[in-house]
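In: okay, sequence plus prediction incoming.
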Amino acid sequence: MSFLLFVAAVAGGALNSVAGGGSFICLPALMFAGVPPVAANATTTMAMWPGSISSAWAYRRDIGAVDRPLMLLCGISLVGGLLGGYLLVRTSDTSFLRLLPWLMLVAAITFTFGGRLASRFRTSGGSHPVRHRPLPLWALALQFAIATYGGYFGGGIGIMMLAALSVAGLTDIHEMNGLKAVLAVFINGVALAEFVAHGVLVWGPGLIMVAGGILGGYFGASFARRLPQANVRTFVILVGWAMTIYFFVRR
């Protein structure tokens, strides 16, 4: 079973570094291994967090030009991620299992259509970079909602943030990816601290998956990048919808 978890984390780490959607593989793998639903969700956050740190570091030069909105969005993401983590640790396994199919559905829909939506907004967005004007209040509220969802579950938040940043006026995809990566570090990091404080992590399987996620993010991405990204996204979408249907059927 440890080998299965390691392989799942390698695959999840590789997918996250290229197209996202690693939680579609890691969360079900932990549940199939017998980890309770809430603990499995929290441990998935633990497994995937190191990969988000490395992604943020890779984009460190691209986010320098958007330092002012970055600081504001990071603060909002901290509060939202903490709230989401707080809500998760106070959710029973039975309640979370009832919610899980719907959470998976939101993630699957977001991953399937979110990229198209973000591209449309990016094409029709304003011509002035967001760093030269204050962020609208609705964009801050939207980021808070995404961060809360991310702290609670997390599937699909990358695409959600890209779409939100596009609507807010960002047009440089590298800046957007950099912002998304940094905000994910804050959202998942503060939620992870909440999980540690309340003892909901399963450390044995979690550490195995952390190692697999790092390995997958570093080496798996090199292989995955040789494939057409559309094919990788199609694979993630198929897995996401298959897992969503499975959890609806087993309710």
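Out: Everything's here; your move.
In: mind showing which ranges of the stretch 1-150 of the chain have poor pLDDT?
Out: Scanning the stretch 1-150 of the chain for pLDDT under 70 picks out the ranges 18-19, 62-69, 114-134.
In: tell me where this protein has helices.
Out: Secondary structure of the chain by DSSP state H: the helices cover 2-18, 23-32, 37-58, 67-89, 93-124, 137-152, 157-168, 173-197, 203-215, 221-224, 229-249.
In: can you add mean neighbour count and give the ones you listed back as CSV?
Out: All C-beta spots, glycine's among them, are computed from the backbone N, C-alpha and C. Shown next, in CSV, are those (neighbours: other CB atoms under 10 Å):
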stretch, mean neighbour count
helix 2-18, 22
helix 23-32, 24
helix 37-58, 23
helix 67-89, 20
helix 93-124, 17
helix 137-152, 21
helix 157-168, 25
helix 173-197, 22
helix 203-215, 20
helix 221-224, 15
helix 229-249, 16
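In: how many other residues sit next to the closest residue in space to residue 15 that isn't next to it in sequence?
Out: Using CB to CB, 6 or more residues apart in numbering and skipping the chain neighbours, the partner closest in space to residue 15 is residue 22 (4.8 Å). Neighbours of residue 22 under the rule other CB atoms under 10 Å: 29.
In: residue 22 contacts residue 28, doesn't it?
Out: No: look at residue 22 against residue 28 with CB atoms under 8 Å: they stay out of range, at 11.4 Å.
In: quick check: neighbours shared by these two?
Out: With CB atoms under 8 Å, 6 or more residues apart in numbering applied, the contact sets of residue 22 and residue 28 do not overlap.
In: show me the contacts for residue 28.
Out: Neighbouring residues of residue 28 by CB under 8 Å, 6+ apart: 243, 246.
In: how far away is the residue lying closest to residue 20 once chain neighbours are set aside from residue 166?
Out: Once flanking residues are discounted, residue 20 sits nearest to residue 158: 4.6 Å by CB to CB, 6+ apart. According to CB to CB, to the nearest Å, residue 158 and residue 166 sit 13 Å apart.
In: same question for residue 45.
Out: Residue 45 is 25 Å from residue 166, by CB to CB.
In: and residue 230, by the same measure?
Out: Taking CB to CB as the measure, residue 230 falls 20 Å from residue 166.
In: how about residue 87?
Out: Distance of residue 87 to residue 166, computed by CB to CB: 27 Å.
In: before we move on, what about residue 244?
Out: Taking CB to CB, one finds residue 244 at 25 Å from residue 166.
In: cool, residue 20 as well?
Out: Residue 20 is 16 Å from residue 166, where distance means CB to CB.
In: let me know the pLDDT of residue 205.
Out: Listed pLDDT for residue 205 reads 92.
In: skip the chain neighbours and tell me the closest residue to it.
Out: Here the residue nearest residue 205, using CB to CB, 6+ apart, is residue 5, at 5.3 Å.
In: residue contacts, residue 147?
Out: Counting by CB under 8 Å, 6+ apart, residue 147 touches 76, 77, 78, 79, 80, 81, 83, 84, 157, 183, 186, 187.
In: now these in JSON lines, with distance to residue 36?
Out: JSON lines is the format used below for the contacts of residue 147 (distance: CB to CB, whole Å):
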{"residue": "76", "distance to residue 36": "31"}
{"residue": "77", "distance to residue 36": "27"}
{"residue": "78", "distance to residue 36": "27"}
{"residue": "79", "distance to residue 36": "27"}
{"residue": "80", "distance to residue 36": "25"}
{"residue": "81", "distance to residue 36": "22"}
{"residue": "83", "distance to residue 36": "22"}
{"residue": "84", "distance to residue 36": "18"}
{"residue": "157", "distance to residue 36": "23"}
{"residue": "183", "distance to residue 36": "28"}
{"residue": "186", "distance to residue 36": "27"}
{"residue": "187", "distance to residue 36": "23"}
